[in-house]
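[1] fold the following for me, if possible:
(chains A and B)
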Amino acid sequence: MPPPHFVVMGVPRSGTSALADALNLHREIMCGAEHFDGLKNASKADLPAAFEDPGNTRPLGDKTRALYLEKKSTARLFGDKNPWYYHDLPDLTLAVPACRKVCIYRRKLGFWRSWDARAANKNDLHWARGQTGFFGLLELICLLNRLADVHRSGEVLMIDYEALFFEEPSIIQRLYAYLGAGPDEDAVVAFKDRIFSPVDKSRDHVVDEACAVYDQLGLAEMEARIFVRPFLTNLEAAGILRDCCEAIRSLAPTVIREQISTMREAELQYFRESRRMRVTLRHFGIKTGPLLRPDNKPRTSPQHQVITPSGRNVVFLTTYPLAAPRHGGQIRSAQLVAALRRLGLNVVTIACVDPHPYPAGEWGPNDVAFPSESPLRVFNGTPIPFAGDYMSGVHAAKDEPTYQRILAAVPAQIDLLFLEQPWMLPVAQRLRRDRGAGLLVYDSQNDESALKATILRKFHPRVADALLDAIGRLERAACREADLVFAVNASDQAALSHHGGVPVQLAPNGVEPWEAKAADLEKWRRQTEASAFALYVASAHPPNYLSFFEVLTDSFGFLAPGQAIVVAGGASDEIGRLLKGRQHEALSRSRLRLVGVVDPDDLAAMKQLAQAFVLPILDGSGSNLKTAEALFSGKWVVGTPTAFRGFERFTSMPHVMVAEPGRDFCMAVRAAMSAPPPGLTAQDRQRLPELTWQETLEPMTAAIRAELSNSAARP
Amino acid sequence: MIDGSLLDSASDTASHTAGTIWVDMTTLLRWRRPVVGVVRVEQQLARWILAHDERVRFCRYDQATRTVVDVDRQQVAAHAAFLEQFGRTAPHAPKVKKPKAKKQRNALSKILRRIGKAAGRAAKMLEPLLPRDKTNASASLRAAQNTAPPSPSPLRNGDVYVSLGSDWSDNDLGQLYERKQRDGFKVLGACYDMIPMMFPHLTLPDTERQFPKHVADLAWVADHVLCISRCSQKDFIETTTRLQSPTPDTSLIRLGSDLSQATRHPASAAQDEWTGGNNAVADAAASPFVLFVSTMERRKNHEVLYRAWVRLIEAGCVIPNLVFVGMRGWGVEDLLSDLARDRRIYGRIHVLQTVSDAELAMLYDRCLYTVYPSLYEGWGLPVLESFEFGKFCLCSNAGSLPEAGGDLAEYLDPWDLNAWVERIRYFAGHPDEIEKRNQMVAQLFRSHSWHDTSQSIMLKAQELARTDSRRMA
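    Next comes the predicted model:
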């Protein structure tokens, strides 16, 4: 795959999107819109094919995919814009030295007002409420530090926002040329017509509060010195940038503390909690953090000191395909694969797949089948449908043709075997023998022994004990043999810790922020045929549906006429089957909408339209993606205590109702369906991003990066 | 006359103002058989309104447009009169479903509509006179119900909508609820019994299926629910609690039990005419007998009487005959077969399914006493009807029956065959005791008039119109 040819960056709200739009006017240039979580994902192996990959489910992923399909025949220069790419400049310079880097710079802290506006917009779920313009200033300080560090950051083209969009339209031609594109008069004309504006409406967007800080930190002088030309590199401005950063270092502790002392409570809360936020710990903290500490001692942050060498090979083992993730296990796996790829690792995914629930179109190129006629489907003479995952691992390792197919698909050198759930451990063990694979990572998802016990004792009591013994042995072996072990919640962590091996770390489930399209919203407004509905999104995993009526009862009179519970996902069909012949079936049917498996766009629309989310779960292990999604939605969430496993710290939030199964639960749903939207405070909303995959998987990726680094250092 | 101070004078019946009381007549207008139960309540209320208050408006639920539509008073009057012609137990209904006539009606209405507003009014006046079929919704109507958007309804903020009909089959309370949320009118509903939910095996499968949704929808839509007994009130509250829906305010109404003079003393009631008019009735009344007037269906528990009579006959006891009067319902095929073929009861148990008012009045007059062994009831009109004729009732103690019969009936467990055998044997040997009890009934029973029932319903509707707030979801 060709390397990413360029990246566009800048302080958020500084015109990175407008610049990307301007680049995309050129027929040879294709610029994604925040298509990747971090810079590393935009690495050699990912572009341009990654633009076509539906597995990349970033909020703007669809936009980028559509654009790519439109331009793929003419484009030859590929890149992506993301304001925060500047945080990873040193890593990028090392990993992809040829990459062109463009930074749009908005003078006079012109972004400040826009940050304030988004922070004040209660409907903007993608923006933390306390994240006002002041935090934009912190980002700017971070950016300046990066630009000043030309040694590690490499060459970055700096473009003056005002000059490009309001003063000199010819700059765009120079930019096209800088990136290596040929002449395109149409693009230049289109830029002048559609984007360039001689009337600068944003120039007056200077906030008084910002002006004071701006002057105090000497930014006015720096900008005046740098932008004598609208178009220059950080190499050219390095001296000025270093001077400025030095001044900021001496002034910032006072200026910033003063600023903090005048902060409103929401901002302050955000600032206090910002360890969990992207802006401080991960990015801002490295450079600006020391400025805020009285002792001025640098804080060590292993996750940022380690740079993972790219080009190392990972084999990711599952029992389900990952090309079109639908259920929780698939979604988590897809997110993990994306996170590993962002670390610069080459990931090969291999699944031993039951063909029945997964159509061929959803399989990856290396996936192998677990045929329905396999003799290895039988355990102690009994076919056991609910243990197909256990059996598939056995089949993949013991059925020689299957294993040989796997062996042929893996790289000659495996640096890391990633075992998602314990089922494919027999395969991992054989691969380690045959290929001398390096590290083994075991990500548990569940305390499988406990989870299977509930199901097997109910449906296969005759062989339950023997099978549970086998599953227990498998889990123990996974824990003991792995170099890193992860659990999704504290109770699983405790359970797995009893098996021995390395300490079990936490890597909770998360969510991918969603955004619904207007057409889908309209469609689901009609199709749900409900004045208001509560949403239950669940796969056909038995714990998701077996307790549905136990929790919600057969008395759906708690919902008013016109109100409904919408069930989306594989659980829908199973619940439909359970509904037949139940007491008060017609009443229940009048209040249920079983919509089945729907695509992500439809689901996004339903999530946006829902009045509430319900989590009627009694059994199971692990933590539920649906719980994370429900919590992240900011809508009313009604769940059993079990449903909040792994998310206990969120149960005190004002939109959460924890209710016991039965009448208690139904009354909570009744209250939620009639209530106005929950009043989440700014502090509450600031907590929601903790639920995103980006945050929840960070400890895991940091640990893997460190472990790989250590293993590379070992002789 | 009810207090009309809150109701604007409405001399122009083509328009209405806020605070109008609308009484739904869907069930009545669909009914084309002898008047029973729920239909009688609507019929009596309609008659009272037509006689006493011209400001109350009638309406019905229209399946095609999925909304409540205005109904002309004359149409209600015509239909109520039409139902009067039926005997109370005769099963035959007039065959009015004639496609050709319907076509004519549609064509006529179409032409009249074209003529204009005045002609439209004329068409409305003619409507009841034109044959029509609303008994069964056609498939196309059902399809329309599912797909067509609801039409505007005449109900407005401040109005009160009263429905005492068979809403579980004739109405769409879910749709009404959504309209109410938007338009802000109030709803006065009724609860007769919760039998389809408490004893689903004793009701038709379709009713069993529809009823829980009906109760839940009623509980959400109604601001107030009139219950016909303390028992039904208790059952309603318990059921809504069990369904986890809100429980609206409830109050009691007492249903009328007074019989019309025509029913009590039919003009055609001369004995000769009666005995000569129907041989089966004459045969049944030829010897002393005990009377059971009720639709023949499983819940009414004819079975226990059949068994009791068989046991007493086989034991050689001298007992009166037993006469069943009532239309054939569902679930009694085996029983009817047994009654027809069991030689032990030949000439001792009579089944009369077609009986005129006159014949029924005579049967009440001639019987020794009545029996009513129902497994459950929401009230007990037949017991009171027996009292109207001065006849004591040996009655089931289930549901609301003790509430209806008070101290004037004797109560037995409907499942306790031995108890029924013993008391029937006892009364067979103690005719003086029967006489004593019949006299007590004649002296002490005070009937409740349908006039009072209808008036109390309308007073409750007025009271509701006066309340400012309505219960919200």
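[2] for the rest of this, base every contact and every neighbour count on C-alpha atoms.
    Noted.
[3] can you pull out the low-pLDDT segments for the stretch 351-473 of chain B?
    Within the stretch 351-473 of chain B, the segments meeting pLDDT under 70 span B:468-473.
[4] please enumerate the helices of it.
    With DSSP state H, counting those that start in this stretch, the ranges of helices along the stretch 351-473 of chain B come out as B:357-366, B:381-388, B:401-405, B:417-429, B:431-444, B:450-466.
[5] out of those helices, which comes closest to A:R249?
    For the helices of the stretch 351-473 of chain B, the distance to A:R249 is smallest for helix B:450-466, at 73.7 Å, taking Cα to Cα.
[6] out of the helices of the stretch 351-473 of chain B, which is closest to chain A?
    helix B:450-466 (21.5 Å; Cα to the nearest Cα).
[7] name the helices or strands packed onto the closest one?
    strand B:21-24, helix B:37-52, strand B:160-162, strand B:186-191 (3 or more Cα pairs under 8 Å, 6 or more residues apart in numbering or on different chains; DSSP states H and E).
[8] circling back: make TSV out of the helices of the stretch 351-473 of chain B and add distance to A:V8 and mean neighbour count.
    As requested, the helices of the stretch 351-473 of chain B are arranged in TSV below (distance: least, Cα to Cα, whole Å; neighbours: other Cα atoms under 10 Å in any protein chain shown):
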stretch	distance to A:V8	mean neighbour count
helix B:357-366	94	21
helix B:381-388	85	23
helix B:401-405	84	23
helix B:417-429	91	17
helix B:431-444	98	16
helix B:450-466	67	19
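[9] from one end of stretch A:653-668 to the other, what's the distance?
    Using Cα to Cα, to the nearest Å, the end-to-end distance of stretch A:653-668 comes out at 15 Å.
[10] tell me the buried residues in it?
    Across stretch A:653-668, burial judged by 16 or more other Cα atoms under 10 Å in any protein chain shown covers A:653-663, A:665-668.
[11] could you restrict these to the ones contacting chain B?
    Contacts with chain B within these, counted by Cα under 8 Å from any Cα of the partner chain: A:663, A:666-667.
[12] from these, pick the one nearest A:D354.
    For these, the nearest to A:D354 is A:C666 (36.7 Å; Cα to Cα).
[13] per-residue pLDDT, that closest one?
    Per-residue confidence (pLDDT) for A:C666: 96.
[14] now do the helix or strand encompassing it: everything it contacts.
    Assigned by DSSP states H and E, A:C666 falls within helix A:663-674. Residues outside helix A:663-674 that contact it (Cα atoms under 8 Å, 6 or more residues apart in numbering or on different chains): A:532-534, A:551-553, A:558-559, A:563, A:611-612, A:614, A:636, A:638-640, A:657-659, B:244, B:473.
[15] what subset of the residues you listed is buried?
    Buried among the contacts of helix A:663-674 by 16+ other Cα under 10 Å: A:532-534, A:551-553, A:558-559, A:563, A:611-612, A:614, A:636, A:638-640, A:657-659, B:244.
[16] which SS state does A:P325 fall under?
    coil (DSSP: H, G, I helix; E, B strand; the rest coil).
[17] chain A contacts on chain B?
    Close to chain A, as judged by Cα under 8 Å from any Cα, chain B has residues B:174-175, B:177-178, B:209-210, B:212-213, B:216-217, B:220, B:240, B:242-246, B:473.
[18] list the contacts of A:L603.
    A:A568.
[19] residue ranges with poor pLDDT in chain B?
    Using pLDDT under 70, chain B drops low at B:1-18, B:86-151, B:259-277, B:468-473.
[20] the stretch 551-700 of chain A: helices as residue ranges?
    A:571-579, A:585-590, A:600-609, A:625-633, A:663-674, A:682-687, A:693-696, A:698-713.
[21] most tightly surrounded among the ones you listed?
    helix A:625-633 (a mean of 24; mean count of other Cα atoms under 10 Å in any protein chain shown).
[22] which one of the helices and strands packed on helix B:450-466 lies closest to A:H460?
    Where these are weighed against each other on Cα to Cα, the nearest is strand B:186-191, at 47.8 Å.
[23] need the contact partners of the closest one.
    So strand B:186-191 is contacted by B:157-165, B:180, B:218, B:221-228, B:232-233, B:236, B:461, B:464-465, B:470 (Cα under 8 Å, 6+ apart).
[24] now list the buried members of those.
    B:158-165, B:180, B:218, B:221-228, B:232-233, B:236, B:461, B:464-465.
[25] look at the nearest residue to B:Y61 once chain neighbours are set aside and tell me its secondary structure.
    Once flanking residues are discounted, B:Y61 sits nearest to B:V68: 4.3 Å by Cα to Cα, 6 or more residues apart in numbering or on different chains. Here B:V68 is recorded as strand under three-state DSSP.
[26] I figured B:V68 hits B:C59, correct?
    Yes: assessed by Cα atoms under 8 Å, B:V68 is found in contact with B:C59 at 6.4 Å.
[27] more crowded one of these two?
    B:V68 (26 against 22; other Cα atoms under 10 Å in any protein chain shown).
[28] show me the contacts for that one.
    With Cα under 8 Å, 6+ apart, B:V68 has these contacts: B:59-62, B:153-155.
[29] so which of these is the most crowded?
    B:L155 (28 neighbours).
[30] ok, that one - contacts?
    So B:L155 contacts B:22, B:68, B:161, B:183, B:185 (Cα under 8 Å, 6+ apart).
[31] name the strands paired with the helix or strand harbouring B:S251 and say parallel or antiparallel.
    Per DSSP H and E, B:S251 falls inside strand B:249-252. Next to strand B:249-252 in the sheet, as set by DSSP bridges, lie strand B:224-227 (parallel).
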